[in-house]
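Asks: could you look at this predicted model? Sequence included:
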Number of protein chains: 2
Amino acid sequence: MPETTQLTAVDPTAWTCPVALRDHPRVVMGHGGGGALSAELVQHIFAPAFGGETLSQLGDSAAVSLGGVRMAFSTDSYVVRPLFFPGGSIGDLAVNGTVNDLAMSGARAAYLSCGFILEEGVEMSVVARVAETLGAAARRAGVEVVTGDTKVVESGHGDGVFINTAGIGLIPPGVDIRPQRVVPGDVVIVSGDIGVHGVAIMSVREGLEFGVEIESDCAALGGLVDAMLAVTQDLHVLRDPTRGGLGAALNEIAVASGTGVVIQEGDVPVPPAVANACAILGLDPLYVANEGKLVAFVPREHADAVLSAMRAHPLGANARVIGEAVAEHPGMVVARTGLGGTRVVDLPIGEQLPRIC
Amino acid sequence: MPETTQLTAVDPTAWTCPVALRDHPRVVMGHGGGGALSAELVQHIFAPAFGGETLSQLGDSAAVSLGGVRMAFSTDSYVVRPLFFPGGSIGDLAVNGTVNDLAMSGARAAYLSCGFILEEGVEMSVVARVAETLGAAARRAGVEVVTGDTKVVESGHGDGVFINTAGIGLIPPGVDIRPQRVVPGDVVIVSGDIGVHGVAIMSVREGLEFGVEIESDCAALGGLVDAMLAVTQDLHVLRDPTRGGLGAALNEIAVASGTGVVIQEGDVPVPPAVANACAILGLDPLYVANEGKLVAFVPREHADAVLSAMRAHPLGANARVIGEAVAEHPGMVVARTGLGGTRVVDLPIGEQLPRIC
């Protein structure tokens, strides 16, 4: 292929940059990090351009109605490096990430689409292994890959394998899970140890050793959510804290619900290996990505029963109450520290670890 | 970002390459071209890995049932260069390409997902213009973008803007459009001039001038298909001849239906500007991509009425009968030439023009 120049028949310089974006006339890594920069991009570019009420709700998935049937619809692209890591691969992420986004609406994923963007020159054996892990993950999650697409870009214009999946699944009648339903008094439950996926990726990417091998927690959460819904359909919000970690997820919920959130720092389950790795790398575990965990805001009267149901499920064995929604400081997340003080848990600007999913 | 090496915790060399793929131990551009190489990749890697009956039917979109409702589900990634070209942009393609894949099942697109993979350093103004053209195309097509995702990869690991869209739409009751329904005697109709999109892209990419500016035919075909279905629901197959052009589309239909196809070369509408450009570049217009055209196999008794309905629609004004399905040479496409001879129209190996969509 001859090297070609990027022509623009339409003059993009005619565009007037919104004030909020003027610090960044060009895309930086943080725009893909799931934090404040990502939110700016959505708020000032994508949402105005696309319009639409559903998109503006900005859940992990969209709840839509088609032919009178209520369903969740979601998409994610996966650009993780490396493609294979302890505990999983880009194929596992591509299934579980999208399945989990649907599960956060209470929907059980039924069908997935799968689009590959391959870089010229990547070994066919790598493509085959990725496809095998993706297919196996889909079978484990009980979802069928029904449609797909493959594009190839010239060597040096991609990075091995990028994958996009989109998924659809039924939302059970009566289930209405979204941040706007959160009220002060709701109990905040996390399904298990946080920070594991991000540290697992970083350990292989940077060739770091932390004494023990840390495996990604990548998993499909549909079964865990089903177990929670079996206790009560009245779950207020669910979120899987991927990019930006638990800190970003709690901030998004606080802003969208207009309530405050208080967490007890000492109650957040951080495994020693993750804590050690974060100390070495200068990372805050609250902002490290997870791929097999969820955070739930549950009405207080159902909290004990939901927690018990979660602990009875393999993916929720270490579930913990970590805090509550409060009427004070709406839109803000505060952590009570071990010393009795409090600190604000901000929305991160970008992502501490780029390309973790 | 520090440069990192591609680690593979799983050893991909343990994989045994299927015989059919041994000529290509690494991915080449043609694997994304929609021809024989793409088919090999799907047949020997993706289909076995993913399993599933629906995927193996390999239509432009999958027909699935959710909550008792029959719908089409499809995805495509868009990697076109340049991002803006005469007559459209990657934003237009990202909407129309997926909307058209749904329309080829008879479904009117209702909702789209949209995933961006941005390259660090791309001008924010370019992202904004792409988003605006995508939003405008969605409104023209009557489809709502309801969910999205943005990832960013390091400079040199992407190429400005890649987009994936997936779409869902209802299939009207009684409509069953798929190649397996083609029977000998079916009339082959093309909705208008072919080869325009590919030549438009090539003209700006290579800085070639062909006397007149050729604009892409990129358009959403939902309205045209609705007009055809209003005549009869008994359309046998529809296909939008994108990558690989009309030649690839006819071959896919011939193979999947087990019938032969004969076209009259002189009846295929090729505009003079496309014919000239193809002559200069050594391309066959039958294999050049289209983005606003469809080919239909229609029962003979409905052909005249369907053709009239197509011609009454702005996107079908130049619709023509170009051939028929035959019992002879099953799985093979043959063109009768202007001199009275015949030639086989093969499935192309790859794509003559990489990255045209």
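Replies: Yep, that arrived. Residues are numbered from 1 along each chain as shown, chains lettered A, B, ... in the order given.
Asks: contacts and neighbour counts: CA atoms only from here.
Replies: Will do.
Asks: the stretch 151-300 of chain A against chain B: which residues are in contact?
Replies: Proximity of the stretch 151-300 of chain A to chain B, by CA under 8 Å from any CA of the partner chain, involves residues A:151-154, A:156-159, A:164, A:166, A:169-170, A:204-206.
Asks: of all those, which comes closest to A:Val122?
Replies: A:Asp159 (8.7 Å; CA to CA).
Asks: could you pick out the longest strand of chain A?
Replies: Longest strand of chain A, by residue count under DSSP state E: strand A:108-119.
Asks: stretch A:43-52 near chain B anywhere?
Replies: Yes. Using CA under 8 Å from any CA, a contact is recorded between stretch A:43-52 and chain B, made by A:Ile45, A:Phe46, A:Ala49, A:Phe50, A:Gly51, A:Gly52.
Asks: now the last one: closest residue in space, sequence neighbours ignored.
Replies: Excluding its sequence neighbours, the residue lying closest to A:Gly52 (CA to CA, 6 or more residues apart in numbering or on different chains) is B:Glu144, at 6.7 Å.
Asks: okay, the residue positioned nearest the centre of chain A: pLDDT?
Replies: By CA atoms, centre = their mean, the mean C-alpha position of chain A lies nearest to A:Thr242, the distance being 3.2 Å. Looking at A:Thr242, its pLDDT is 96.
Asks: tell me the spacing between whichever residue of the stretch 201-350 of chain A sits closest to chain B and A:Gly34.
Replies: Relative to chain B, the nearest point of the stretch 201-350 of chain A is A:Arg205 (6.8 Å; CA to the nearest CA). Note on A:Arg205: its distance to A:Gly34, by CA to CA, to the nearest Å, is 20 Å.
Asks: can you check A:Gly142 too?
Replies: Distance of A:Gly142 to A:Gly34, given as CA to CA: 28 Å.
Asks: looking at the two, which is more packed in?
Replies: Using other CA atoms under 10 Å in any protein chain shown, the more surrounded residue of A:Gly142 and A:Gly34 is A:Gly34, with 24 against 16.
Asks: pretty sure that one is in a strand, no?
Replies: No. Using DSSP: H, G, I helix; E, B strand; the rest coil, the secondary structure at A:Gly34 is coil, not a strand.
Asks: where along the stretch 201-350 of chain A do the strands fall?
Replies: A:237-239, A:260-264, A:295-298, A:320-326, A:333-336, A:342-344 (DSSP state E, counting those that start in this stretch).
Asks: over to A:Ile163. Which of the three states is it?
Replies: Following three-state DSSP, A:Ile163 is assigned to strand.
Asks: got a list of what it touches?
Replies: A:Ser77, A:Tyr78, A:Val79, A:Ile90, A:Ala94, A:Cys114, A:Gly115, A:Phe116, A:Ile117 (CA atoms under 8 Å, 6 or more residues apart in numbering or on different chains).
Asks: can you tell me, leaving aside adjacent residues, what's nearest to A:Leu21?
Replies: Nearest in space to A:Leu21, with sequence neighbours left out and distances taken as CA to CA, 6+ apart, is A:Glu40 at 7.2 Å.
Asks: per-residue pLDDT, that neighbour?
Replies: At A:Glu40, the model reports a pLDDT of 92.
Asks: same question for stretch A:255-268: list its buried residues.
Replies: Neighbour-count burial for stretch A:255-268, counted by 16 or more other CA atoms under 10 Å in any protein chain shown, picks out A:Val255, A:Ala256, A:Ser257, A:Gly258, A:Thr259, A:Gly260, A:Val261, A:Val262, A:Ile263, A:Gln264, A:Glu265, A:Val268.
Asks: for the fourth one, give me phi and psi.
Replies: Read it as A:Gly258. phi 70, psi 20 (degrees, to the nearest 10).
Asks: so where do the helices sit in the stretch 1-150 of chain A?
Replies: For the stretch 1-150 of chain A, the helices defined by DSSP state H, counting those that start in this stretch cover A:36-41, A:47-50, A:53-56, A:90-103, A:124-141.
Asks: one more: the stretch 251-357 of chain A?
Replies: A:272-281, A:300-311.
Asks: how far does the shortest one sit from its chain's centre?
Replies: Using CA atoms, centre = their mean, to the nearest Å, the distance from the centre of helix A:272-281 to the centre of the chain it belongs to is 21 Å.
Asks: how about it: buried residues?
Replies: Buried residues in helix A:272-281, counted by 16+ other CA under 10 Å: A:Ala273, A:Val274, A:Ala275, A:Ala277, A:Cys278.
Asks: what's that helix packed up against?
Replies: Applying 3 or more CA pairs under 8 Å, 6 or more residues apart in numbering or on different chains; DSSP states H and E, one finds that helix A:272-281 makes contact with helix A:196-205.
Asks: and if you look at the longest one?
Replies: Contact analysis of helix A:300-311 by 3+ CA pairs under 8 Å, 6+ apart lists strand A:187-190, helix A:222-231 as its packing neighbours.
Asks: can we see that at 10 Å?
Replies: With contacts taken as 3 or more CA pairs under 10 Å, 6 or more residues apart in numbering or on different chains; DSSP states H and E, helix A:300-311 sits against strand A:187-190, helix A:222-231, strand A:295-298, strand A:320-326.
Asks: got the angle for the last one vs strand A:260-264?
Replies: If you take axes from the mean of the first three to the mean of the last three CA atoms, to 10 degrees, strand A:320-326 sits at 150 degrees to strand A:260-264.
Asks: could you give the angle of strand A:320-326 to helix A:300-311?
Replies: 160 degrees.
Asks: report the strands that pair with strand A:320-326, each with its relative direction.
Replies: Its sheet considered, strand A:320-326 pairs with strand A:187-190 (antiparallel), strand A:260-264 (antiparallel) by DSSP bridges.
Asks: any chance of CSV for those, columns mean pLDDT?
Replies: Listed next are the strands paired with strand A:320-326 as CSV, based on pLDDT from 0 to 100:
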stretch, mean pLDDT
strand A:187-190, 98
strand A:260-264, 98
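Asks: that older thread, please name the bridge partners of the residue nearest to A:Gly52.
Replies: Beta-bridge partners for B:Glu144, by DSSP bridges, are B:Tyr111.
Asks: list the contacts for it?
Replies: B:Glu144 makes contact with A:50-55, B:95, B:109-113, B:135, B:138, B:167 under the criterion CA atoms under 10 Å, 6 or more residues apart in numbering or on different chains.
Asks: repeat that for 7 Å
Replies: Shown in contact with B:Glu144 (CA atoms under 7 Å, 6 or more residues apart in numbering or on different chains): A:Gly52, B:Ala110, B:Tyr111, B:Leu112, B:Ala138.
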